[in-house]
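Asker: I would like the atomic coordinates for the input below:
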Amino acid sequence: MVTPYKNHSASKKEQVAEMFNNVAPQYDFLNQLLSMGIHKGWRKKSIQLLKDKKPKKILDIATGTADFAIEAMKLNPDKVVGVDISEGMLKLGVEKINKLGLQNKIELKLGDSENLPFSDNSFDAITVGFGVRNFENLEKGISDIYRVLNKDGMLVILEFSKPEHFPVKQVYHFYFKYITPMVGKLFSKDKSAYTYLPESVNAFPAGEEFLTVLKKAGFKDTKDIVLSFGIASIYIAKK
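Answerer: Sure, this is the predicted structure:
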């Protein structure tokens, strides 16, 4: 299992929470810098896939600083609930939401993505942006997502992937292995966080392998939408 900190006795879950608490102040800035803004288009496309479903109650898992939750407001839902295990990230998310005057529409909660604090069949749609690879137990987390999703509800997951074709594969590998950790060390007080990022992406069962995990949990109509020559993927599934 890939974890943020080597020789650390805490569980992966505890380490991930600590890591995101440490990088929270620089997180949005580094996201923008390292992705050169491309992640905004990916996020927009992910949310638009839910447009025809017209979901009224949406859950955003691993919500972080609430960018996905805020983007989901374009679907005109009654309520968006964001869950994350990092208090530091949620604090910044609350500040964004208050600044936009969306505090009556978006609620952020401290919670475990693998033990969601909601009853069965609670949400019309669920989103996860760059979060599933941080689950301690991926299958358990996906099963709990299935549990809280309404029948006929839709799951949309945006996650980094692994390009397979020249030259994108080679450029991506170099950028993720060398540039990302170097930039992370320059701007973040947590040197391990941006080393963990490429390691966690490399360990994640992307593509068909991840669709198999979704199907095993009970999801149907699963699909993998490849973005930017394989740098990221959107996974969609229905209950």
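
Asker: CA atoms for contacts and neighbours, from now on please.
Answerer: Fine.

Asker: Contact partners for Lys57?
Answerer: Pro77, Asp78, Lys79, Val80, Val81, Ser122, Phe123, Asp124, Ala125 (CA atoms under 8 Å, 6 or more residues apart in numbering).

Asker: next one: Pro4
Answerer: Counted by CA under 8 Å, 6+ apart, Pro4 has contacts Lys12, Gln15, Val16, Met19, Ser192, Ala193, Thr195, Tyr196.

Asker: Now the third one: which helix or strand?
Answerer: So that's Val16. Using DSSP states H and E, Val16 sits in helix 12-35.

Asker: Tell me the gap between that helix and the middle of its chain.
Answerer: 12 Å (CA atoms, centre = their mean, to the nearest Å).

Asker: ditto for stretch 76-92
Answerer: On CA atoms, centre = their mean, the centre of stretch 76-92 falls 12 Å from the chain's centre.

Asker: Check the separation of the first and last residues in it.
Answerer: Using CA to CA, to the nearest Å, the end-to-end distance of stretch 76-92 comes to 23 Å.

Asker: show me the contacts for Gly230.
Answerer: Ser161, Lys162, Pro163, Glu164.

Asker: With Val226 as the reference, measure out to the last one.
Answerer: If I follow you right, that is Glu164. In terms of CA to CA, Glu164 sits 11 Å off from Val226.

Asker: sorry, back to before: would you mind putting the contacts of Gly230 into JSON lines with neighbour count, secondary structure and distance to Val94 alongside?
Answerer: Supplementary listing: these in JSON lines, determined by neighbours: other CA atoms under 10 Å; DSSP: H, G, I helix; E, B strand; the rest coil; distance: CA to CA, whole Å:
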{"residue": "Ser161", "neighbour count": "20", "secondary structure": "coil", "distance to Val94": "29"}
{"residue": "Lys162", "neighbour count": "20", "secondary structure": "coil", "distance to Val94": "32"}
{"residue": "Pro163", "neighbour count": "20", "secondary structure": "coil", "distance to Val94": "35"}
{"residue": "Glu164", "neighbour count": "13", "secondary structure": "coil", "distance to Val94": "38"}
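
Asker: report the angle between the axes of the following helix or strand past the helix holding Val16 and helix 12-35?
Answerer: On the C-terminal side of helix 12-35, the nearest following helix or strand under DSSP H and E is helix 38-48. With axes from the mean of the first three to the mean of the last three CA atoms, to 10 degrees defining the directions, helix 38-48 sits at 110 degrees from helix 12-35.

Asker: Run through who's touching helix 38-48.
Answerer: Applying CA under 8 Å, 6+ apart, the external contacts of helix 38-48 come out as Asn31, Gln32, Phe68, Glu71, Ala72, Leu75, Gly129, Val156, Ile157, Leu158, Leu227, Ile234.

Asker: Also stretch 170-186?
Answerer: Leu30, Leu34, Pro163, Asp190, Lys191, Ala193, Tyr194, Thr195, Pro198, Ile231.

Asker: try it again with 7 Å
Answerer: Leu34, Lys191, Tyr194, Thr195, Pro198 (CA atoms under 7 Å, 6 or more residues apart in numbering).

Asker: So which residues of this structure form strands?
Answerer: 57-61, 79-84, 106-110, 123-129, 149-160, 220-227, 232-238 (DSSP state E).
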